[in-house]
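1. What follows is a predicted structure for the sequence shown.
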Amino acid sequence: MDIRQTVLAQAQAAKGAARKLAVLSSAVKDNALLQMADAIEKNSEEILSANKKDVEAGTQKQLTKAMIDRLTLNQGRIAGMAQSLREIAGQPDPVGSMDRMWKRPNGLEIGRLRVPLGVIAIIYEARPNVTSDAAGLCLKAGNAVILRGGSEAIHSNLAIGGIIQDALLKSGVPRESVQLIPVADRQAVNELLTLREYIDVVIPRGGEALIRAVTEKSTIPVIQHYKGVCHTYVDDEADLDMASRIVMNAKVQRPGVCNAMETLLVHRNIAAEFLPPMIARLREAGVEIRGCPATKKLVPDVIAATEDDWYAEYLDLILAVRVVDGLDGAIDHINQYGSQHSDAIVTQDYSRSRRFLREVDSAAVYVNASTRFTDGGIFGLGAEIGISTQKLHARGPMGAEDLTTTKYIIFGDGQIRE
């Protein structure tokens with residue numbers, strides 16, 4: 001197989017499909033999404049059989065528990081994939097909506113109309129559900145998509161992609177609207193990143209190394225879905241029972257995902273009361289604690305945290321703990337060491353909560369809730385392409401509307417510029 005020619009042919013076909021998708025009616029797109037959802041459920045055994053191959057290979061390669069968890073599908077997760085597609089179908093179509101319209105003194109009427117981005121390339125690691133989520137969101141927004149999943153999930157992704165393409169064909173939507181690169185060779189990614197003539201934007205979704213590599217090599221604009229170094233700050237005005245529940249959920253409920261808490265910050269005034277029982281609960285759940293000197297003074301047998309721990313995205317049952325002097329110390333720590341993903345404060349103090357919301361520079365900032373909620377489905381977007389941690393062109397969980405751009409439309413009755 002000539003990898004360059006294969007990828008080039010896919011990009012050219014996607015460009016052609018994108019022109020057709022851009023003018024499809026909402027009804028046609030929504031019907032295709034519902035057909036995709038039905039097909040995924042109907043062919044669940046085929047998907048599970050393919051996924052079993054990937055999980056067995058990943059286990060033999062000694063992938064981390066977090067990676068295996070992301071890779072593994074079951075009937076519940078497949079049902080969730082189908083439900084996400086149905087939710088996307090039920091949402092308003094962003095294409096063709098007007099952001100606003102105004103009239104100038106010379107009589108020109110000017111508006112901003114939402115239009116598709118065009119062709120989107122998505123490069124992601126071992127999460128097969130991304131295949132269906134990305135396909136659904138791109139279709140809703142009128143975009144063609146080229147998917148390149150990780151080698152760890154290649155059997156799962158190809159099975160899901162084939163089922164989606166068959167559903168598209170039956171729905172009267174170009175099959176080339178959703179394409180998967182059929183090889184695991186990294187050369188395919190390198191070739192993809194040079195095709196600026198055909199691809200409008202690249203979205204990498206995965207670990208730090210993947211995102212850095214794509215950003216450095218791409219000749220195409222990149223929307224970065226960077227790592228999640230998420231924090232929870234427990235203030236001295238917090239309800240400590242509430243804080244304990246939030247901390248446990250943010251760290252333990254699913255530690256291998258990007259919105260899980262990686263660092264716990266605790267106000268010095270309540271550290272002696274809060275930390276020893278909190279650490280005991282976390283340890284019962286299998287969490288390894290790495291603490292600052294003040295934390296070690298309260299719980300001497302915790303591992304001493306290093307400077308690297310404050311930057312770490314563990315994606316595992318490991319937690320860095322730091323005692324801070326107050327709100328200023330917490331905000332300074334988060335803005336220095338965080339990844340601008342998701343951060344939370346637990347407090348009953350209104351002014352402090354508002355300061356935290358205003359001054360923490362992250363895509364999602366919480367008051368008295370777990371960072372685990374940062375998710376397109378939970379936010380009501382149906383699904384997400386990922387969680388953007390940069391500021392252009394979108395930030396936070398990206399749904400269908402974030403996969404559109406705008407163009408100006410101008411209505412006149414003969415005006416000329418003097």
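-> Structure's in. What do you need? Numbers count the residues shown, from 1 in each chain.

2. Lys407 sits in which helix or strand?
-> Element membership for Lys407, per DSSP states H and E: strand 404-411.

3. What are the boundaries of the strands in the stretch 151-300 of the chain?
-> In the stretch 151-300 of the chain, strands defined by DSSP state E, counting those that start in this stretch lie at 178-180, 201-205, 230-234, 261-267, 288-291, listed in chain order.

4. any idea which of these scores lowest on pLDDT?
-> Mean pLDDT values for those show the minimum at strand 201-205, a mean of 94.

5. Give me the contact list for it.
-> Residues from elsewhere that reach strand 201-205, judged by C-beta atoms under 8 Å, 6 or more residues apart in numbering: 117-118, 120-125, 127, 130, 192-193, 210-211, 214-215, 218, 220-225, 385-386, 398. (C-beta placed from N, C-alpha, C; glycine too.)

6. Who are the packing partners of the host helix or strand of Ala121?
-> Secondary structure here is read from DSSP H and E; on that basis Ala121 sits in strand 119-124. Using 3 or more C-beta pairs under 8 Å, 6 or more residues apart in numbering; DSSP states H and E as the contact criterion, the secondary-structure elements in contact with strand 119-124 are helix 3-21, helix 129-140, strand 144-148, helix 187-192, strand 201-205.

7. report the angle between the axes of that strand and helix 3-21?
-> Put simply, strand 119-124 runs at 130 degrees to helix 3-21, going by axes from the mean of the first three to the mean of the last three C-alpha atoms, to 10 degrees.

8. Now do strand 119-124: distance to the chain's middle.
-> Computed by C-alpha atoms, centre = their mean, to the nearest Å, the chain-centroid distance of strand 119-124 equals 13 Å.

9. Partner strands of that strand, with direction?
-> Applying DSSP bridges, strand 119-124 is found paired with strand 144-148 (parallel), strand 201-205 (parallel).

10. closest one to Ile303 among the helices and strands packed on strand 119-124?
-> strand 201-205 (30.9 Å; C-beta to C-beta).

11. for the protein, which spans come out with low pLDDT?
-> Residues of the chain that meet the criterion pLDDT under 70 lie in 1.

12. that older thread, mind giving me CSV with the strands of the stretch 151-300 of the chain and columns for distance to Gly96 and mean neighbour count?
-> Written out in CSV, the entries for the strands of the stretch 151-300 of the chain read as follows (distance: least, C-beta to C-beta, whole Å; neighbours: other C-beta atoms under 10 Å):
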stretch, distance to Gly96, mean neighbour count
strand 178-180, 21, 25
strand 201-205, 20, 25
strand 230-234, 36, 28
strand 261-267, 40, 27
strand 288-291, 51, 20
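
13. the helices in the stretch 301-418 of the chain, which residues?
-> Taking DSSP state H, counting those that start in this stretch as the criterion, the stretch 301-418 of the chain carries its helices at 307-311, 327-337, 350-359.

14. Among the ones you listed, which comes closest to Arg19?
-> With C-beta to C-beta as the yardstick, what comes closest out of the helices of the stretch 301-418 of the chain is helix 350-359 (42.4 Å).

15. what's that closest one packed up against?
-> In this structure, helix 350-359 makes packing contacts with helix 327-337, strand 342-346, strand 364-367, judged by 3+ C-beta pairs under 8 Å, 6+ apart.

16. Return the set of buried residues in it.
-> For helix 350-359, the buried set under the neighbour-count rule, 16 or more other C-beta atoms under 10 Å, comprises Arg352, Ser353, Arg355, Phe356.

17. Could you do stretch 336-345 as well?
-> For stretch 336-345, the neighbour count (16+ other C-beta under 10 Å) marks Tyr337, Gly338, Ser339, Gln340, His341, Ser342, Asp343, Ala344, Ile345 as buried.

18. any idea how far the nearest residue in space to Lys103 that is not next to it in sequence lies from Met101?
-> Closest residue to Lys103 apart from its sequence neighbours, by C-beta to C-beta, 6 or more residues apart in numbering: Glu109 at 5.2 Å. Applying C-beta to C-beta, to the nearest Å, the value for Glu109 to Met101 is 6 Å.

19. Leu24 now?
-> 24 Å.

20. Check Arg290 too.
-> Counting by C-beta to C-beta, the gap from Arg290 to Met101 is 55 Å.

21. Could you do Ala238 as well?
-> 46 Å.

22. the more surrounded of the two?
-> Neighbours per residue, other C-beta atoms under 10 Å: of Ala238 and Met101, the larger number sits with Ala238, 23 against 12.

23. Would you mind confirming that that one makes contact with Ala344?
-> No - here Ala238 lies out of contact with Ala344, judged by C-beta atoms under 8 Å, at a distance of 10.9 Å.

24. OK, contacts around the residue nearest the centre of the chain?
-> The chain has Gly386 as the residue nearest its centroid, 2.0 Å off, counting by C-alpha atoms, centre = their mean. With C-beta under 8 Å, 6+ apart as the criterion, the residues that contact Gly386 are Tyr124, Val130, Ile203, Arg205, His225, Pro397, Met398.

25. Repeat that for Arg70.
-> Residues in contact with Arg70, defined by C-beta under 8 Å, 6+ apart, are Glu125, Ala126, Arg127, Gly256, Val257.
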